[in-house]
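Trainee: Fold the following for me, if possible:
(one chain, ligands or ions: 3)
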Amino acid sequence: MLPNDPPTKPQAATPAHHDAAGQLRALGWSEHFADQATSATLAQTPPVRITQVHRNTLHIQGVDLDTIIPSLQGVTVGDWLLFDKEAPRNSQLLSRKSLIKRRAPGHDRKEQLIAANLDTAFVVTSCNNDFSLARLERYVAMAHDASVTPVIILSKIDLTTDPNAFAEQAQSISPQISVVSLNARSPEASGFLRPWCQAGQTVAFLGSSGVGKSTLTNSLAGNEAIVTQDIRASDDRGRHTTTGRQLYILPSGCAVLDTPGMREIQLTDVSSGLEETFADLHALQQNCRFNDCAHNTEPGCAVQAAIASGDVDVPRLQRWLKLMAEDAENTKLLADRKRRDQARNKPEKSVSKHSAKK
Ligand SMILES: Nc1nc2c(ncn2[C@@H]2O[C@H](COP(=O)(O)OP(=O)(O)O)[C@@H](O)[C@H]2O)c(=O)[nH]1
Ligand SMILES: [Mg+2]
Ligand SMILES: [Zn+2]
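Mentor: Ligands and ions are numbered 1, 2, ... in the order given. Sure thing, here's the model as predicted:
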């Protein structure tokens, strides 16, 4: 083609990260993972990231690699594997930097892995009926427990007359958490999220359906490639083949996970996350006379004393007690269940695990 020839079709954008190191970094690779393998191992079994989990397959991306492999047990979106090309089932799961999970809805109520290796969780709610402090606290506790930085995003500020009232309430959860108010459809929206979306970072949007998660994902991607408005499809009933969670690797080098709305987030095994989210109440509790104080009618209860003096917000205390009870209950149920499953499946499991050697 002559230099002055007009291009006959749009030119593919030059990828910002065309070398191997740049590609890996854009996928979220960091020392935490590199430290887990020798360079010989990495050459033999290259690192790949799971960008989607389907019923029977995984979508993986690596350096000059974008493919589908058969499912592996116990992995989730965002996980890193050392990919064995000859025998994908023998690929090794790298130890995670963070993991977000919940107790799944439905009657079997197993533990469900939501996402691995996130740096930031954007907890999105809109300035309307969706807004619920109790739900925000759940997500924040989940993020804290996973050592993922929670950032609260209040969307649809263009649809309310008093966005500040929502922002103040959200900030009341903790002075340490960033609260960002925005109109997800405005061109400025992605700019507000940039501080958390630098190259090499992995961020996720969590929150109910319809609050603007896909709109924000699109805004970060700088295009309309990602479908907005979750289709109310059969995936809700668990028969569908995909979880609907997808990790997008943006040209800017940030990995973004868009998730469909989760109707229910039951906490499990997040006691330290609750401690961090309700740090004020947790600190007060240390001064109660009894270790197992229920902060009800016990003598010497520091929490009741703080209520009497007006220092404690009673609805917040009630939400804290409820979440702690729920967490304790689910943690116990799941531990019992795991024990039962282990006892029942032991012989079978070990056979299938080592079947290659039989
Ligand atoms: N007015 C307004 N509409 C929004 C805003 N955020 C999202 N929407 C609209 O709300 C609908 C649902 O958005 P979507 O991004 O699909 O929500 P998701 O289910 O959380 O992924 C779409 O029609 C969006 O255009 C916002 O901040 N303001
Ligand atoms: Mg969506
Ligand atoms: Zn007490």
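
Trainee: Quick check: pLDDT value at the residue nearest to residue 266 when sequence neighbours are not counted.
Mentor: By the measure of C-beta to C-beta, 6 or more residues apart in numbering, the closest residue to residue 266 outside its immediate chain neighbours is residue 103, 4.0 Å from it. Heads up, the C-betas are built off the backbone N, CA and C, glycines and all. With respect to pLDDT, residue 103 scores 79.

Trainee: The residue nearest the centre of the chain is in what secondary structure piece?
Mentor: Most central residue of the chain, judged by C-alpha distance to the mean C-alpha position with C-alpha atoms, centre = their mean, is residue 115 at 4.7 Å. Counting by DSSP states H and E, the element that carries residue 115 is strand 111-116.

Trainee: Mind checking what helix or strand follows that strand in sequence?
Mentor: Going down the chain from strand 111-116, the next helix or strand is strand 120-126, by DSSP H and E.

Trainee: okay, now whichever residue of the chain sits closest to ligand 2: neighbour count?
Mentor: Nearest residue of the chain to ligand 2 (C-beta to the ion) works out as residue 214 at 3.2 Å. As a burial measure, residue 214 scores 21 neighbours (other C-beta atoms under 10 Å).

Trainee: Use 25 as the first number for this chain going forward.
Mentor: Done: numbering now begins at 25, and the last item shifts to residue 238.

Trainee: And it, how close does it get to ligand 1?
Mentor: 3 Å (C-beta to the nearest ligand atom, to the nearest Å).

Trainee: in a helix, that's where that residue is, yeah?
Mentor: Yes. According to DSSP: H, G, I helix; E, B strand; the rest coil, residue 238 belongs to a helix.

Trainee: how far away is it from residue 125?
Mentor: When distances are taken as C-beta to C-beta, to the nearest Å, residue 238 and residue 125 turn out to be 22 Å apart.

Trainee: Could I get the contacting residues of the nearest residue to residue 245 once chain neighbours are set aside?
Mentor: On the basis of C-beta to C-beta, 6+ apart, the spatially nearest residue to residue 245 that is not a chain neighbour turns out to be residue 274, at 5.4 Å. With contact taken as C-beta atoms under 8 Å, 6 or more residues apart in numbering, residue 274 is in contact with 50, 221, 244-246, 280.

Trainee: run the last query once more with 7 Å
Mentor: With contacts taken as C-beta atoms under 7 Å, 6 or more residues apart in numbering, residue 274 has the following neighbours: 244-245, 280.

Trainee: and if you look at residue 232?
Mentor: Under the contact definition (C-beta under 7 Å, 6+ apart), the residues listed for residue 232 are 154, 285.

Trainee: so it sits in a strand?
Mentor: No. Secondary structure assignment places residue 232 outside any strand; it is coil (three-state DSSP).

Trainee: and the strand holding residue 139, which strands flank it?
Mentor: Counting by DSSP bridges, the strands paired with strand 135-140 are strand 123-127 (antiparallel).

Trainee: Export only the CA atoms of the partner strand, formatted as PDB.
Mentor: The C-alpha trace of strand 123-127 is given here as PDB (Å, rounded to 0.1, in the frame of the first residue of the first chain):
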ATOM      1  CA  LEU A 123     -11.100 -14.400  46.700                       C
ATOM      2  CA  ILE A 124     -14.700 -13.200  46.900                       C
ATOM      3  CA  LYS A 125     -17.300 -15.900  47.700                       C
ATOM      4  CA  ARG A 126     -20.800 -16.200  49.100                       C
ATOM      5  CA  ARG A 127     -23.200 -18.800  50.200                       C
END
